[in-house]
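In: Let me see the structure of the following:
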Amino acid sequence: MSEMNLKNTALSAVHTNLGAKMVPFAGYNMPVQYKGLVEEHHCVRQALGVFDVSHMGEFWVKGPKALQLIQQVTSNDVTKLFDGKVQYSCLPNLDGGIVDDLLVYRFGEEEYFLVVNASNIDKDWNWIQKFNANIGAEMTNVSEGMSLLAVQGPLALKAMQKLTDMNLVDMEYYTVQRGTFAGKSDVIVSTTGYTGAGGCEIYFKNEDAEHLWNAVMEAGAEFGIQPIGLGARDTLRLEMGFCLYGNDIDDTTSPIEAGLGWITKFAHPFNNSEALKAQKDAGVTRKLVGFEMIDKGIPRHDYEIADANGNIVGKVTSGTQSPSLGKAIGLGYVPTSLATLGSEIFIVVRGKHLKAVVVGLPFYKSA
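Out: Numbering: from 1, shown residues only. Take a look at the predicted model:
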(Lines give C-alpha, C1' and ligand atoms only; values in the text may rest on other atoms or scores of the structure.)
Protein backbone atom coordinates (compact mmCIF):
# COMPACT_ATOMS: atom_id res chain seq x y z
CA MET A 1 0.00 0.00 0.00
CA SER A 2 1.47 3.37 -0.98
CA GLU A 3 1.93 6.07 1.64
CA MET A 4 -0.76 8.05 -0.18
CA ASN A 5 -3.31 5.35 0.69
CA LEU A 6 -2.32 4.84 4.33
CA LYS A 7 -5.07 5.30 6.89
CA ASN A 8 -4.54 7.48 9.94
CA THR A 9 -5.88 6.80 13.41
CA ALA A 10 -7.75 9.55 15.24
CA LEU A 11 -4.46 10.25 17.06
CA SER A 12 -1.97 10.36 14.17
CA ALA A 13 -1.54 14.14 14.47
CA VAL A 14 -0.88 13.77 18.21
CA HIS A 15 1.93 11.28 17.53
CA THR A 16 3.48 13.51 14.87
CA ASN A 17 3.40 16.48 17.24
CA LEU A 18 5.14 14.35 19.88
CA GLY A 19 7.95 13.67 17.42
CA ALA A 20 7.11 10.02 16.82
CA LYS A 21 8.78 8.20 13.95
CA MET A 22 5.80 7.17 11.79
CA VAL A 23 5.87 4.06 9.59
CA PRO A 24 3.37 2.12 7.46
CA PHE A 25 1.92 -0.82 9.42
CA ALA A 26 -1.08 -2.97 8.40
CA GLY A 27 -2.26 -0.22 6.06
CA TYR A 28 -2.02 2.49 8.73
CA ASN A 29 0.38 5.33 9.47
CA MET A 30 1.60 4.26 12.92
CA PRO A 31 4.19 5.40 15.49
CA VAL A 32 7.08 2.92 15.68
CA GLN A 33 8.98 4.86 18.38
CA TYR A 34 9.15 8.19 20.19
CA LYS A 35 12.26 8.51 22.40
CA GLY A 36 13.71 5.13 21.47
CA LEU A 37 12.71 1.47 21.54
CA VAL A 38 14.81 0.36 24.50
CA GLU A 39 13.78 3.23 26.76
CA GLU A 40 10.13 2.73 25.84
CA HIS A 41 10.40 -1.02 26.45
CA HIS A 42 11.83 -0.56 29.96
CA CYS A 43 9.21 2.10 30.75
CA VAL A 44 6.43 -0.45 30.17
CA ARG A 45 8.18 -3.26 32.09
CA GLN A 46 8.95 -1.01 35.08
CA ALA A 47 6.13 1.57 35.19
CA LEU A 48 3.57 2.19 32.44
CA GLY A 49 3.24 3.32 28.86
CA VAL A 50 0.42 4.03 26.43
CA PHE A 51 0.13 2.59 22.93
CA ASP A 52 -2.25 3.78 20.22
CA VAL A 53 -3.49 0.50 18.75
CA SER A 54 -6.58 1.96 17.09
CA HIS A 55 -5.72 0.07 13.89
CA MET A 56 -7.13 -3.11 15.44
CA GLY A 57 -10.54 -4.35 14.22
CA GLU A 58 -13.73 -4.71 16.26
CA PHE A 59 -16.93 -6.61 15.45
CA TRP A 60 -20.11 -6.86 17.51
CA VAL A 61 -21.94 -10.20 17.27
CA LYS A 62 -25.39 -10.13 18.83
CA GLY A 63 -28.71 -11.90 19.02
CA PRO A 64 -29.92 -15.43 19.78
CA LYS A 65 -27.58 -16.93 17.14
CA ALA A 66 -24.42 -15.15 18.32
CA LEU A 67 -23.08 -18.02 20.43
CA GLN A 68 -23.73 -20.59 17.69
CA LEU A 69 -21.78 -18.55 15.14
CA ILE A 70 -18.78 -17.87 17.37
CA GLN A 71 -18.64 -21.51 18.50
CA GLN A 72 -18.43 -22.59 14.85
CA VAL A 73 -15.77 -20.15 13.68
CA THR A 74 -13.46 -20.06 16.74
CA SER A 75 -11.35 -22.83 18.24
CA ASN A 76 -11.85 -22.08 21.94
CA ASP A 77 -15.01 -22.97 23.90
CA VAL A 78 -17.20 -19.86 24.04
CA THR A 79 -19.62 -21.56 26.48
CA LYS A 80 -16.92 -21.19 29.15
CA LEU A 81 -17.29 -17.40 29.00
CA PHE A 82 -19.50 -15.47 31.42
CA ASP A 83 -20.53 -11.81 31.34
CA GLY A 84 -17.41 -9.67 31.72
CA LYS A 85 -14.96 -12.41 30.71
CA VAL A 86 -12.52 -12.33 27.77
CA GLN A 87 -11.10 -15.29 25.84
CA TYR A 88 -8.12 -15.65 23.50
CA SER A 89 -8.95 -17.77 20.47
CA CYS A 90 -8.28 -18.29 16.79
CA LEU A 91 -10.24 -18.66 13.57
CA PRO A 92 -9.21 -22.00 12.02
CA ASN A 93 -9.39 -22.22 8.24
CA LEU A 94 -10.47 -25.41 6.47
CA ASP A 95 -6.93 -26.43 5.45
CA GLY A 96 -5.29 -26.84 8.86
CA GLY A 97 -4.12 -23.22 9.19
CA ILE A 98 -5.27 -20.09 10.99
CA VAL A 99 -7.28 -17.23 9.45
CA ASP A 100 -6.41 -15.01 12.43
CA ASP A 101 -6.06 -14.96 16.20
CA LEU A 102 -8.51 -12.80 18.15
CA LEU A 103 -10.11 -11.89 21.46
CA VAL A 104 -13.72 -12.78 22.26
CA TYR A 105 -15.47 -10.59 24.86
CA ARG A 106 -18.79 -11.59 26.41
CA PHE A 107 -21.03 -8.74 27.54
CA GLY A 108 -24.24 -10.77 27.70
CA GLU A 109 -25.84 -14.04 26.66
CA GLU A 110 -26.54 -12.52 23.24
CA GLU A 111 -23.82 -9.86 23.06
CA TYR A 112 -20.21 -10.56 22.07
CA PHE A 113 -17.35 -8.33 20.94
CA LEU A 114 -14.56 -9.68 18.71
CA VAL A 115 -11.19 -7.93 18.41
CA VAL A 116 -9.12 -8.93 15.38
CA ASN A 117 -5.78 -7.98 13.87
CA ALA A 118 -5.54 -4.80 11.81
CA SER A 119 -4.16 -6.47 8.70
CA ASN A 120 -6.98 -9.04 8.70
CA ILE A 121 -10.10 -6.92 9.33
CA ASP A 122 -11.70 -7.43 5.91
CA LYS A 123 -10.45 -11.01 5.61
CA ASP A 124 -11.88 -11.97 9.03
CA TRP A 125 -15.18 -10.17 8.43
CA ASN A 126 -15.70 -11.97 5.12
CA TRP A 127 -14.67 -15.32 6.62
CA ILE A 128 -17.12 -15.09 9.53
CA GLN A 129 -19.88 -13.75 7.30
CA LYS A 130 -19.49 -16.77 5.03
CA PHE A 131 -20.60 -19.03 7.88
CA ASN A 132 -23.09 -16.55 9.28
CA ALA A 133 -25.05 -16.71 6.01
CA ASN A 134 -26.56 -19.99 7.27
CA ILE A 135 -26.78 -18.97 10.94
CA GLY A 136 -28.09 -15.41 11.02
CA ALA A 137 -26.37 -13.70 13.95
CA GLU A 138 -26.42 -9.89 14.00
CA MET A 139 -22.96 -8.69 13.01
CA THR A 140 -21.66 -5.11 12.97
CA ASN A 141 -18.18 -4.01 11.93
CA VAL A 142 -17.35 -0.97 14.11
CA SER A 143 -13.60 -0.92 13.34
CA GLU A 144 -13.61 2.42 11.50
CA GLY A 145 -15.39 4.28 14.30
CA MET A 146 -13.45 2.94 17.29
CA SER A 147 -10.14 3.91 18.85
CA LEU A 148 -8.10 1.76 21.21
CA LEU A 149 -5.44 2.67 23.74
CA ALA A 150 -3.37 -0.01 25.46
CA VAL A 151 -2.11 1.29 28.82
CA GLN A 152 0.42 -1.32 29.87
CA GLY A 153 2.75 -1.81 32.81
CA PRO A 154 2.68 -2.68 36.53
CA LEU A 155 1.41 0.81 37.47
CA ALA A 156 -1.16 1.10 34.69
CA LEU A 157 -4.32 0.11 36.58
CA LYS A 158 -3.41 2.25 39.58
CA ALA A 159 -2.99 5.27 37.32
CA MET A 160 -6.13 4.63 35.26
CA GLN A 161 -8.26 4.14 38.39
CA LYS A 162 -8.11 7.93 38.83
CA LEU A 163 -10.27 8.33 35.69
CA THR A 164 -13.23 6.10 36.52
CA ASP A 165 -15.53 4.75 39.20
CA MET A 166 -15.24 1.29 37.63
CA ASN A 167 -13.08 -0.86 39.93
CA LEU A 168 -10.02 -1.40 37.76
CA VAL A 169 -7.35 -2.24 40.35
CA ASP A 170 -9.19 -5.40 41.45
CA MET A 171 -10.03 -6.63 37.94
CA GLU A 172 -8.80 -10.13 37.19
CA TYR A 173 -6.71 -10.79 34.08
CA TYR A 174 -8.81 -11.13 30.91
CA THR A 175 -11.97 -9.50 32.25
CA VAL A 176 -13.88 -6.49 30.92
CA GLN A 177 -16.13 -3.67 32.16
CA ARG A 178 -18.11 -0.99 30.36
CA GLY A 179 -18.81 2.41 31.92
CA THR A 180 -17.77 6.05 32.23
CA PHE A 181 -14.06 6.76 31.83
CA ALA A 182 -12.48 10.23 31.86
CA GLY A 183 -15.98 11.69 31.70
CA LYS A 184 -16.96 9.76 28.55
CA SER A 185 -19.74 7.19 28.69
CA ASP A 186 -19.90 3.71 27.14
CA VAL A 187 -16.13 3.15 27.30
CA ILE A 188 -14.89 -0.47 27.36
CA VAL A 189 -11.95 -1.28 29.65
CA SER A 190 -10.42 -4.77 29.66
CA THR A 191 -7.45 -6.22 31.53
CA THR A 192 -5.90 -7.53 28.34
CA GLY A 193 -2.72 -6.64 26.51
CA TYR A 194 0.17 -7.82 24.36
CA THR A 195 3.08 -7.09 26.69
CA GLY A 196 2.88 -9.40 29.71
CA ALA A 197 3.40 -6.33 31.90
CA GLY A 198 -0.16 -5.98 33.21
CA GLY A 199 -2.48 -3.08 32.50
CA CYS A 200 -5.58 -2.56 30.41
CA GLU A 201 -6.96 -1.78 26.97
CA ILE A 202 -9.50 1.01 26.51
CA TYR A 203 -12.01 1.10 23.62
CA PHE A 204 -13.95 4.26 22.78
CA LYS A 205 -15.38 6.38 19.96
CA ASN A 206 -12.97 8.14 17.59
CA GLU A 207 -14.39 11.55 18.47
CA ASP A 208 -13.26 11.04 22.09
CA ALA A 209 -9.71 10.00 21.15
CA GLU A 210 -7.78 13.19 21.85
CA HIS A 211 -9.68 13.80 25.11
CA LEU A 212 -8.95 10.23 26.28
CA TRP A 213 -5.29 10.40 25.24
CA ASN A 214 -4.77 13.62 27.19
CA ALA A 215 -6.63 12.25 30.23
CA VAL A 216 -4.55 9.04 30.22
CA MET A 217 -1.28 10.97 29.89
CA GLU A 218 -2.27 13.34 32.70
CA ALA A 219 -3.40 10.52 35.03
CA GLY A 220 -0.18 8.61 34.38
CA ALA A 221 2.19 11.57 34.66
CA GLU A 222 3.00 11.06 38.36
CA PHE A 223 3.86 7.41 37.64
CA GLY A 224 6.17 8.18 34.71
CA ILE A 225 3.91 7.34 31.77
CA GLN A 226 5.37 7.63 28.26
CA PRO A 227 3.88 7.14 24.78
CA ILE A 228 5.16 3.85 23.37
CA GLY A 229 5.58 2.82 19.73
CA LEU A 230 5.04 -0.42 17.87
CA GLY A 231 8.76 -1.24 18.05
CA ALA A 232 8.64 -1.76 21.82
CA ARG A 233 5.28 -3.49 21.50
CA ASP A 234 7.03 -6.13 19.39
CA THR A 235 9.98 -6.65 21.76
CA LEU A 236 7.62 -6.82 24.76
CA ARG A 237 5.33 -9.41 23.16
CA LEU A 238 8.26 -11.48 21.93
CA GLU A 239 9.78 -11.66 25.43
CA MET A 240 6.46 -13.26 26.48
CA GLY A 241 6.43 -15.68 23.53
CA PHE A 242 3.16 -14.23 22.26
CA CYS A 243 2.48 -15.10 18.61
CA LEU A 244 2.32 -12.40 15.95
CA TYR A 245 -0.04 -13.16 13.08
CA GLY A 246 1.78 -13.11 9.76
CA ASN A 247 5.04 -14.13 11.45
CA ASP A 248 4.57 -16.95 13.96
CA ILE A 249 1.11 -18.06 12.83
CA ASP A 250 -0.65 -17.76 9.48
CA ASP A 251 -2.85 -19.58 6.98
CA THR A 252 -0.34 -22.45 6.79
CA THR A 253 0.38 -23.05 10.50
CA SER A 254 -1.94 -25.13 12.65
CA PRO A 255 -2.76 -24.10 16.22
CA ILE A 256 -1.38 -27.46 17.38
CA GLU A 257 2.01 -26.81 15.74
CA ALA A 258 2.03 -23.27 17.12
CA GLY A 259 1.61 -24.39 20.73
CA LEU A 260 -1.95 -23.09 20.82
CA GLY A 261 -3.51 -26.40 21.82
CA TRP A 262 -4.71 -24.64 24.99
CA ILE A 263 -7.12 -22.54 22.91
CA THR A 264 -8.16 -25.46 20.72
CA LYS A 265 -11.01 -27.20 22.56
CA PHE A 266 -12.44 -30.34 20.99
CA ALA A 267 -15.44 -30.66 23.35
CA HIS A 268 -17.50 -28.98 20.61
CA PRO A 269 -17.26 -29.12 16.80
CA PHE A 270 -15.82 -26.06 15.05
CA ASN A 271 -14.37 -25.36 11.61
CA ASN A 272 -11.87 -28.12 10.71
CA SER A 273 -11.96 -29.49 14.27
CA GLU A 274 -11.92 -33.14 13.14
CA ALA A 275 -8.71 -32.68 11.15
CA LEU A 276 -7.05 -30.73 13.96
CA LYS A 277 -8.09 -33.39 16.49
CA ALA A 278 -6.57 -36.08 14.26
CA GLN A 279 -3.39 -34.02 14.02
CA LYS A 280 -3.22 -33.65 17.78
CA ASP A 281 -3.77 -37.38 18.30
CA ALA A 282 -1.19 -38.40 15.68
CA GLY A 283 1.36 -35.81 16.76
CA VAL A 284 2.79 -32.98 14.69
CA THR A 285 5.98 -33.15 12.67
CA ARG A 286 7.08 -29.60 13.54
CA LYS A 287 6.61 -27.24 16.46
CA LEU A 288 7.02 -23.56 17.19
CA VAL A 289 9.77 -23.16 19.78
CA GLY A 290 11.51 -20.39 21.63
CA PHE A 291 15.29 -20.19 21.47
CA GLU A 292 18.12 -18.09 22.89
CA MET A 293 21.28 -17.34 20.97
CA ILE A 294 24.50 -18.82 22.37
CA ASP A 295 26.76 -17.37 19.67
CA LYS A 296 26.68 -13.62 19.09
CA GLY A 297 24.10 -12.55 16.52
CA ILE A 298 20.49 -11.44 16.26
CA PRO A 299 17.93 -13.76 14.65
CA ARG A 300 15.51 -12.13 12.23
CA HIS A 301 12.25 -13.14 10.55
CA ASP A 302 12.83 -15.70 7.76
CA TYR A 303 16.43 -16.54 8.72
CA GLU A 304 17.03 -20.26 8.17
CA ILE A 305 17.40 -22.73 11.04
CA ALA A 306 19.84 -25.63 10.66
CA ASP A 307 20.55 -28.78 12.65
CA ALA A 308 23.95 -29.87 13.95
CA ASN A 309 24.75 -31.49 10.59
CA GLY A 310 24.14 -28.25 8.70
CA ASN A 311 20.80 -29.35 7.22
CA ILE A 312 18.21 -26.56 6.89
CA VAL A 313 15.26 -27.69 9.01
CA GLY A 314 13.16 -24.58 9.59
CA LYS A 315 12.85 -20.80 9.67
CA VAL A 316 12.91 -18.06 12.28
CA THR A 317 9.46 -16.48 12.57
CA SER A 318 10.35 -13.70 15.05
CA GLY A 319 13.61 -12.54 16.58
CA THR A 320 15.14 -9.62 18.44
CA GLN A 321 17.66 -8.47 21.00
CA SER A 322 15.69 -8.65 24.27
CA PRO A 323 15.99 -5.36 26.20
CA SER A 324 14.94 -7.03 29.49
CA LEU A 325 17.24 -10.02 29.22
CA GLY A 326 20.20 -8.53 27.37
CA LYS A 327 20.36 -11.47 24.99
CA ALA A 328 19.09 -12.36 21.52
CA ILE A 329 15.90 -14.44 21.42
CA GLY A 330 13.58 -15.82 18.77
CA LEU A 331 10.72 -18.07 17.76
CA GLY A 332 10.77 -20.56 14.91
CA TYR A 333 9.41 -23.83 13.60
CA VAL A 334 11.66 -26.87 13.93
CA PRO A 335 11.12 -30.63 13.54
CA THR A 336 9.58 -32.19 16.65
CA SER A 337 12.84 -34.04 17.30
CA LEU A 338 14.54 -30.67 17.90
CA ALA A 339 11.69 -29.11 19.89
CA THR A 340 12.69 -30.43 23.32
CA LEU A 341 14.16 -27.98 25.84
CA GLY A 342 17.94 -27.79 25.59
CA SER A 343 18.09 -28.89 21.94
CA GLU A 344 20.89 -27.26 19.98
CA ILE A 345 19.92 -25.51 16.76
CA PHE A 346 21.82 -23.13 14.48
CA ILE A 347 20.57 -19.85 13.03
CA VAL A 348 21.99 -18.98 9.62
CA VAL A 349 23.09 -15.34 9.82
CA ARG A 350 24.85 -13.99 6.70
CA GLY A 351 26.07 -17.46 5.79
CA LYS A 352 27.32 -18.36 9.27
CA HIS A 353 25.68 -21.06 11.42
CA LEU A 354 25.33 -19.50 14.87
CA LYS A 355 24.53 -21.73 17.83
CA ALA A 356 21.25 -21.35 19.73
CA VAL A 357 19.38 -23.44 22.31
CA VAL A 358 15.67 -24.24 22.62
CA VAL A 359 14.22 -22.77 25.82
CA GLY A 360 10.85 -22.65 27.54
CA LEU A 361 8.39 -19.78 27.16
CA PRO A 362 7.97 -17.08 28.21
CA PHE A 363 11.54 -15.84 27.83
CA TYR A 364 10.87 -13.09 30.38
CA LYS A 365 9.45 -13.94 33.79
CA SER A 366 8.53 -11.08 36.09
CA ALA A 367 9.81 -11.20 39.65
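
In: residue ranges for the helices of the chain, please.
Out: 12-17, 37-46, 66-73, 121-132, 156-160, 209-220, 230-239, 273-282 (DSSP state H).

In: For residue 110, find the nearest of those.
Out: Judged by CB to CB, the one of the helices of the chain that comes nearest to residue 110 is helix 66-73, at 5.4 Å. C-betas here are computed from N, CA, C, even on glycine.

In: now the closest one, how far from the centre of its chain.
Out: Average the C-alpha atoms of helix 66-73, do the same for its chain, and the two points are 21 Å apart (CA atoms, centre = their mean, to the nearest Å).

In: ditto for stretch 240-249
Out: 8 Å.

In: Report the buried residues of that stretch.
Out: When burial is assessed from 16 or more other CB atoms under 10 Å, stretch 240-249 yields the following buried residues: 240, 241, 242, 243, 244, 245, 247, 248, 249.

In: what's around the nearest residue to residue 22 once chain neighbours are set aside, how many residues?
Out: In space, residue 22 comes closest to residue 29 once its chain neighbours are excluded; the distance is 5.3 Å by CB to CB, 6 or more residues apart in numbering. The number of residues packed around residue 29, counting by other CB atoms under 10 Å, is 17.

In: try the one 3 residues further on
Out: The burial count assigned to residue 32 is 18, neighbours taken as other CB under 10 Å.

In: Using TSV, lay out the buried residues of stretch 240-249 together with pLDDT and distance to residue 175.
Out: Supplementary listing: the buried residues of stretch 240-249 in TSV, determined by pLDDT from 0 to 100; distance: CB to CB, whole Å:
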residue	pLDDT	distance to residue 175
240	98	19
241	98	22
242	98	19
243	98	22
244	98	24
245	98	24
247	98	28
248	98	26
249	98	25
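
In: What distance do you get for residue 13 to residue 54?
Out: Between residue 13 and residue 54 the distance, using CB to CB, to the nearest Å, works out to 13 Å.

In: Just want to know which of these two has more residues nearby.
Out: Higher neighbour count among residue 13 and residue 54: residue 54, with 25 against 11, using other CB under 10 Å.

In: distance between stretch 217-224 and the chain's centre?
Out: The mean C-alpha position of stretch 217-224 is separated from the chain mean by 25 Å, CA atoms, centre = their mean.

In: what's the straight distance from one end of that stretch to the other?
Out: Taking CA to CA, to the nearest Å, stretch 217-224 runs 9 Å from one end to the other.

In: Strands of the stretch 151-300 of the chain, start to end?
Out: In order along the chain, the stretch 151-300 of the chain carries the following strands (DSSP state E, counting those that start in this stretch): 176-181, 184-190, 199-205, 226-227, 286-293.

In: relative to helix 230-239, how tilted is the longest one?
Out: I take that to be strand 286-293. Going by axes from the mean of the first three to the mean of the last three CA atoms, to 10 degrees, strand 286-293 is angled at 110 degrees with respect to helix 230-239.

In: now for strand 286-293, which elements pack on it?
Out: Strand 286-293 is packed against strand 327-335, strand 344-349, strand 352-359, with contacts defined by 3 or more CB pairs under 8 Å, 6 or more residues apart in numbering; DSSP states H and E.

In: Partner strands of the shortest one, with direction?
Out: Strand pairing for strand 344-349, using DSSP bridges, gives strand 304-306 (antiparallel), strand 352-359 (antiparallel).

In: Out of those strands, which one sits most buried?
Out: Among the strands paired with strand 344-349, the stretch with the highest mean neighbour count (mean count of other CB atoms under 10 Å) is strand 304-306, at a mean of 19.

In: avg pLDDT for it?
Out: Per-residue pLDDT values over strand 304-306 give a mean of 98.

In: show me the contacts for residue 87.
Out: If you count contacts by CB atoms under 8 Å, 6 or more residues apart in numbering, residue 87 has them with 76, 78, 80, 81, 103, 104, 105, 106, 174, 263.

In: nope, residue 254 is what I meant
Out: Neighbouring residues of residue 254 by CB under 8 Å, 6+ apart: 96, 97, 98, 276, 279, 284.

In: I figured residue 54 was touching residue 148, is that so?
Out: Yes: with contact defined as CB atoms under 8 Å, residue 54 and residue 148 form a contacting pair (5.0 Å).

In: ok, now which ones touch the closest residue to residue 198 other than its chain neighbours?
Out: Nearest residue to residue 198, sequence neighbours excluded (CB to CB, 6+ apart): residue 154, at 5.3 Å. Taking CB under 8 Å, 6+ apart as the definition of contact, the neighbours of residue 154 are 46, 47, 48, 197, 198.

In: Looking at the helices and strands packed on strand 286-293, which is nearest to residue 307?
Out: Comparing the helices and strands packed on strand 286-293 by their distance to residue 307 (CB to CB), the top pick is strand 344-349, with 6.8 Å.

In: any idea of the angle the closest one forms with strand 327-335?
Out: In terms of direction (the same axes, to 10 degrees), strand 344-349 departs from strand 327-335 by 110 degrees.
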